[in-house]
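# sequence first, predicted coordinates after that:
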Amino acid sequence: MEKSENDRIVFDPGTANEKQKLFFLARAPFIAYGGAKGGGKTWAVRTKAVGGAICNPGLRVLIMRRTYPELEENHIGPIVRMVPPEIGTYLATTRRMTFFNGSSVKFGHWAGELSELEYQGQEFDWIFIDEATQFTERAFNYLKGCLRGVSPYQKRLYLTCNPGGVGHTWVKRLFIDRDYRRSDNAEENEDPEDYVFIPATVEDNKFLLKNSPHYLKMLSQMPENVRKAYRYGDWDALGGSYFSELRRDTHTFSPMRIPHHWRRYRAMDYGLDMLAVLWIAVDGEGRSWVYREWTKPGLIVRQAAAGILERTLPGETVDATFAPPDLWSTQKDTGRTMEEIFRSGGVPLTRADNSRVQGHMLIKDMLAPRSDGRPGLMISTDCRRLLADMAAIQADDENPGDAARDPHEVTHTVDALRYYCVSRVAPADPPPAEAEAWTDDSFWGGEPAWSYLMY
């Protein structure tokens, strides 16, 4: 930035490489840039966001990172230094830079369900998700809903990404594999024309190679799978869930009527940030069927108990509700435990073991095929949150035998399932002799909707 002969402010962020130019010029609704590390992704985000705000009066921009320290280091600090005060002013209390022409760039970080509340009702013309593979698909879909408003600008969502991370699977599906979902409802279909991917490697970033000549050597000396991903942008080298055994064609079933003689259980994870409840039936062979789920944030215990009872159908006998041991801790302000409040609200709890590694390994064991070739755990296709969380959760970096605790928003339903798997459950008794024999046709469909209603 400097003043010209006519005392006009000149904003010059630098020169873009060829891949960054493609990123700047792309006009699809969803544009992803990256692959290998060192491709100049973060600079491209800063430059496109600020340049767009300067050139388009009234443009509303949002830049997202997973954590606030990353946001501060990679975007807020550099942009504040980049933009002269004559052009834009940054207000720390709102984390927003406002430009002379009415445009604005807001800086945000994603804190799971709390961020959903924060961004509810907000409108933006352009959204940038930097390091998108650190975001869940749920977060991506939620932020898509913020692309709206009455301004004349085309709404776009820009992403930068490297292989690996909690969002590896959905980013790879949309932008690398180009595997798009179709449904009977045309409005829910994903249009291939909406998604553009611009691959970049460190060789595209001549500025980095000039100023950090050892960076390329450092990437090349990483372990093989990491080297393939970070050096060459190989999306098959990294990624995948902690529950790599999970397959939708093997472990899921369509909503069905649960036979009356099967035993039924509930399992839950509770906190003020999120209540997650699963309803699980056990057949005569000891196979477990997760047939209903419910998740909701911000519930006090009495509200949680009432909601659980409301979603347990009339005549649906639940043998036990498994819950984490911290619900038995005495509250300092009341002298009561949350377990007591759940019990008084009509939901008696059974204390589950809280061993993380053992519980997660038992989930893996139940996903494995049994002697008849079918897995010991089946999940209804209507349990979308559980399936998405299991697909997203990664292995812990420090303890590969355990699932990661971060991002926290993908752990709630998995923890509820873990409490069930570490608990002892009994298989169903044989059906009464006079009961109608179950056939495949009667078992899988044709029953009243209320008998398998999902909430």
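Thanks, I have the structure now. Numbers count the residues shown, from 1 in each chain.
# can you give me the buried ones in the longest helix anywhere in the chain?
Ranked by residue count under DSSP state H, the longest helix found in the chain is helix 41-55. Buried residues in helix 41-55, counted by 16 or more other Cβ atoms under 10 Å: 41-50, 52-54. In this view, the C-beta of every residue, glycine as well, is placed from N, C-alpha and C.
# the domain parsing of this structure - what is it?
2-232, 248-452 (automatic domain parsing).
# need those in JSON lines (columns: distance to residue 241 and mean pLDDT).
Output for these, formatted as JSON lines (distance: least, Cβ to Cβ, whole Å; pLDDT from 0 to 100):
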{"stretch": "domain 2-232", "distance to residue 241": "7", "mean pLDDT": "90"}
{"stretch": "domain 248-452", "distance to residue 241": "5", "mean pLDDT": "87"}
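# who's in contact with the residue nearest the centre of the chain?
Nearest to the centroid of the C-alpha atoms of the chain, with distances taken as Cα atoms, centre = their mean, sits residue 136, at 2.1 Å. For residue 136, the contacting residues are 166-167, 170, 388, 392, 407, 409-410, by Cβ atoms under 8 Å, 6 or more residues apart in numbering.
# ok so, going back, for the longest helix of the chain, what is the distance to the chain centroid?
Taking Cα atoms, centre = their mean, to the nearest Å, the mean C-alpha location of helix 41-55 is offset from the chain mean by 26 Å.
# on that earlier part again, just flag the most distant two among the contacts of residue 136.
170 and 409 (14.4 Å; Cβ to Cβ).
# just the C-alpha atoms of the helix or strand hosting residue 277, please, in PDB.
Using DSSP states H and E, residue 277 sits in strand 274-282. Extracted C-alpha coordinates of strand 274-282, given in PDB (Å, rounded to 0.1, in the frame of the first residue of the first chain):
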ATOM      1  CA  MET A 274     -25.800 -31.400  24.100                       C
ATOM      2  CA  LEU A 275     -28.100 -34.200  25.000                       C
ATOM      3  CA  ALA A 276     -27.700 -37.300  22.800                       C
ATOM      4  CA  VAL A 277     -30.000 -40.300  23.300                       C
ATOM      5  CA  LEU A 278     -30.100 -43.600  21.400                       C
ATOM      6  CA  TRP A 279     -32.800 -46.200  21.400                       C
ATOM      7  CA  ILE A 280     -31.400 -49.700  20.800                       C
ATOM      8  CA  ALA A 281     -33.200 -53.100  20.400                       C
ATOM      9  CA  VAL A 282     -31.600 -56.500  20.900                       C
END
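# residue numbering should commence at 80 henceforth.
In the new numbering, first residue 80, that becomes strand 353-361.
# before we move on, the earlier item: how about residues contacting the longest helix of the chain?
With Cβ under 8 Å, 6+ apart as the criterion, helix 120-134 contacts 90, 92-93, 95, 99, 102-103, 112-113, 138, 140, 142, 153-154, 157-158, 161-162, 166-167, 176, 178, 180, 182-184, 205, 207, 209-210, 237, 239-240, 279.
# buried members of those into PyMOL, please.
A single PyMOL command is used to select the members of those judged buried by 16+ other Cβ under 10 Å:
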select buried, resi 90+92+95+99+102+103+112+113+138+140+142+153+154+157+158+161+162+166+167+176+178+182+183+184+205+207+209+210+237+239+240+279
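# all strands for the stretch 380-529 of the chain, in order.
In the stretch 380-529 of the chain, the strands defined using DSSP state E, counting those that start in this stretch lie at 399-402, 429-430, 456-459.
# make TSV out of the ones you listed and add distance to residue 325.
As requested, the strands of the stretch 380-529 of the chain are arranged in TSV below (distance: least, Cβ to Cβ, whole Å):
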stretch	distance to residue 325
strand 399-402	21
strand 429-430	26
strand 456-459	8
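# can you lay out those as a markdown table showing distance to residue 493 and mean neighbour count?
Shown next, in a markdown table, are the strands of the stretch 380-529 of the chain (distance: least, Cβ to Cβ, whole Å; neighbours: other Cβ atoms under 10 Å):
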| stretch | distance to residue 493 | mean neighbour count |
| --- | --- | --- |
| strand 399-402 | 14 | 24 |
| strand 429-430 | 19 | 16 |
| strand 456-459 | 12 | 22 |
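# so which of those gets nearest residue 225?
Between these, strand 456-459 lies closest to residue 225; by Cβ to Cβ that is 30.0 Å.
# and the residue nearest to residue 444 when sequence neighbours are not counted, how far from residue 343?
Take residue 444 and drop its neighbours on the chain: the residue closest to it by Cβ to Cβ, 6 or more residues apart in numbering is residue 455, 7.4 Å away. Using Cβ to Cβ, to the nearest Å, we find residue 455 at a distance of 17 Å from residue 343.
# neighbour count winner among those two?
residue 343 (21 against 17; other Cβ atoms under 10 Å).
# and the helix or strand containing that one, what other elements does it pack with?
Secondary structure assignment for residue 343, by DSSP H and E: strand 342-350. With contacts defined as 3 or more Cβ pairs under 8 Å, 6 or more residues apart in numbering; DSSP states H and E, the packing partners of strand 342-350 are strand 353-361, helix 380-389, strand 399-402, helix 491-500.
# report the angle between the axes of it and helix 380-389?
Put simply, strand 342-350 runs at 150 degrees to helix 380-389, going by axes from the mean of the first three to the mean of the last three Cα atoms, to 10 degrees.
# what lies in contact with strand 342-350?
So strand 342-350 is contacted by 337, 354-361, 380, 383, 387, 391, 395-403, 406, 417, 428, 431, 490-492, 494-496, 498-499, 502, 504-507 (Cβ under 8 Å, 6+ apart).
# need phi/psi at residue 142.
Residue 142 adopts backbone torsions of phi -110, psi 120, taken as degrees, to the nearest 10.
# list the residues that contact it.
By Cβ under 8 Å, 6+ apart, the contact list for residue 142 reads 124, 128, 150, 154, 184-187, 207, 209.
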